[in-house]
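**Q** Any chance you can model this:
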Amino acid sequence: MYYLLGKKAVHPPDIESSPDHGWQVFEGGLAVGPAIHQPSFVVISLLTTTGFVTENHAAWGSFPVTIFLLVMLIGSCTGSTAGGVKVFRIQVLYAAARLQILRLFQPHGVFPLHYNHKPLPEAVLTSVMGFFFFYVFIYVVSAVGLSAFGLDPITSLSAAAATLANVGPGMGEIVGPVGTYAPLPDGAKWLLSATMLLGRLELFPILVLFAPAFWRT
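**A** You can find the predicted model right below:
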């Protein structure tokens, strides 16, 4: 919310842009400790959607930024206050994909779906797949909507991910770790506010309000 209101996150004022840490170990003389600690802190911060930053990790290169975007969308564990798809749903989707591959090799085989050594009800799988579809759909709509306001691709994709997963800072020069959402057009801020609300309430409680059957009951 602080970012959407045009305020920066609380972080040290002397944040600097550092190149890719892996190359810095072998070519730049960077110690192994900081090369492991700094990226690990960023990954944990994004995975738990706490939004803490100590460096301008958006300037570390295209490969780390891509990984960071994926980590944003994955999120933390089910039952936590973190945003994102959640690890549980990713595990269920993986199990379902693996099951489909097994059925391709053995069409007549019986492969019950399990999670944590327990049978997984079909209703859970349907719910997870439905949630994942709507999550990706909302993310794409938000990113495309931001690009319609003239924002560059990295800003559009990262801002949509950051608000949908409730991370805070995105990537790029505008909404990155040392940036702010203040320069964005008002329409883009309204779109991101709606995206943030959908992500915080995990889609369904908001989407059900648009179902006519909900109001008839």
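**Q** Thr81 - how many residues pack around it?
**A** When neighbours are counted by other CB atoms under 10 Å, Thr81 registers 10. C-beta: built from backbone N, CA, C; applies to glycine.
**Q** what do you get for Pro169?
**A** By other CB under 10 Å, the residues close to Pro169 number 28.
**Q** Confirm that it sits in a strand.
**A** No - membership of Pro169 in a strand is not supported by DSSP: H, G, I helix; E, B strand; the rest coil, which gives coil.
**Q** Scan the helices and strands of the chain for the one with the lowest mean pLDDT.
**A** Taking mean pLDDT, DSSP states H and E as the measure, the helix or strand of the chain with the lowest value is helix 21-23, at a mean of 51.
**Q** would you list every one of the helices in this structure?
**A** 21-23, 32-47, 62-74, 87-105, 122-148, 153-164, 172-175, 186-200, 204-207, 212-216 (DSSP state H).
**Q** Quick one: low-confidence residue ranges for the chain.
**A** Regions of the chain meeting the criterion pLDDT under 70 cover residues 1-31, 217.
**Q** which residue is nearest the centroid of it?
**A** Centroid check for the chain by CA atoms, centre = their mean gives Leu73 as the closest residue, at 2.0 Å.
**Q** got the contact list for that residue?
**A** Gly84, Val85, Tyr139, Ala161, Leu164, Ala165 (CB atoms under 8 Å, 6 or more residues apart in numbering).
**Q** which one is the first one nearest to, not counting chain neighbours?
**A** If you skip the residues right next to it in sequence, Gly84 has Gly75 as its closest partner in space, 1.6 Å away by CB to CB, 6 or more residues apart in numbering.
**Q** Report the separation between the one you found and Phe88.
**A** Distance of Gly75 to Phe88, computed by CB to CB, to the nearest Å: 10 Å.
**Q** same check, this time on Met196
**A** Distance from Met196 to Phe88, by CB to CB: 22 Å.
**Q** Looking at the two, which has the bigger crowd around it?
**A** Taking neighbours as other CB under 10 Å, Met196 and Phe88 compare with Met196 leading, 22 against 17.
**Q** which residue sits closest to that one in space, ignoring its chain neighbours?
**A** Counting by CB to CB, 6+ apart, the residue nearest Met196 is Thr163, at 4.2 Å.
**Q** Now do that neighbour: how many residues are near it, please.
**A** 31.
**Q** Can you name the residues that contact it?
**A** Leu4, Ser142, Leu192, Ser193, Thr195, Met196, Gly199.
**Q** of those residues, closest to Pro153?
**A** Ser142 (13.3 Å; CB to CB).
**Q** can I assume the closest one is in contact with Ser158?
**A** No - shown here, Ser142 and Ser158 do not form a contact pair, counting by CB atoms under 8 Å, at 11.1 Å.
**Q** and stretch 208-217, which residues are buried?
**A** Within stretch 208-217, no residue qualifies as buried by neighbour count (16 or more other CB atoms under 10 Å).
**Q** Could you measure from Leu69 over to Ile44?
**A** Distance from Leu69 to Ile44, by CB to CB: 16 Å.
**Q** Which one's more surrounded, these two?
**A** Neighbour count, other CB under 10 Å: between Leu69 and Ile44, Leu69 has more, with 19 against 13.
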